[in-house]
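Q: generate a structure from the sequence data that follows.
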Amino acid sequence: DDELQTDGNRSGHFQNGELGLAPTNEDVIRIIAAQLAEIGDQLDKDIQGRVVNDLVQHFLNENLSREEITLHMSRAVRELTRSIRSDMEQEKAMLVLAMLLTKKIVNTVPSLLRHVFNTTLNYMNQQFHNYIVEMVSTVSS
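A: Next up, the predicted model:
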């Protein structure tokens, strides 16, 4: 129901002259997003162009199913997690790397935005749902 804005915020809808936001804890989401963005900036330089280009080719391959592309994304994230030295939790590193790969793929081939976004969202829901819920509950308490 909410629209994705280019700055990463949810859009609001005007109700009775006031901006109405979705019934979520927006402050918690912003805190988590800021932390993940900071981590992403640190890891960004470690992602090699070859990994991004390989994933772009998989996304462009119309013969691959959604599950196969998600598997390629998962494999790339795992490989990057092993190759990048980091002292953070593995789940957090993998989550940030998935988002960074998405950004880099879309920057490389903007026409893949919808496909890459949906695949990444599916991957994150499969792999990190419980971790994300735990992260939100930790920050909000």
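Q: just the helices in the chain please.
A: For the chain, the helices defined by DSSP state H occupy 26-43, 49-60, 66-83, 90-108, 113-140.
Q: who are the packing partners of the second one?
A: Helices and strands touching helix 49-60, as assessed by 3 or more Cβ pairs under 8 Å, 6 or more residues apart in numbering; DSSP states H and E, comprise helix 66-83, helix 90-108, helix 113-140. Yep, even glycine has a C-beta here, placed from its N, CA and C like the rest.
Q: do the third one as well
A: Other elements packing on helix 66-83 under the criterion 3+ Cβ pairs under 8 Å, 6+ apart are helix 49-60, helix 90-108, helix 113-140.
Q: need these in a markdown table (columns: mean pLDDT and distance to Val28).
A: Converted to a markdown table, the helices and strands packed on helix 66-83 look like this (pLDDT from 0 to 100; distance: least, Cβ to Cβ, whole Å):
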| stretch | mean pLDDT | distance to Val28 |
| --- | --- | --- |
| helix 49-60 | 91 | 30 |
| helix 90-108 | 90 | 16 |
| helix 113-140 | 86 | 5 |
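Q: list the contacts of the spatially most central residue of the chain.
A: When Cα atoms, centre = their mean is applied to the chain, the residue found nearest the centroid is Met99 (3.0 Å). Contacts for Met99 (Cβ atoms under 8 Å, 6 or more residues apart in numbering) come out as 36, 40, 120.
Q: no further queries at this time; thank you.
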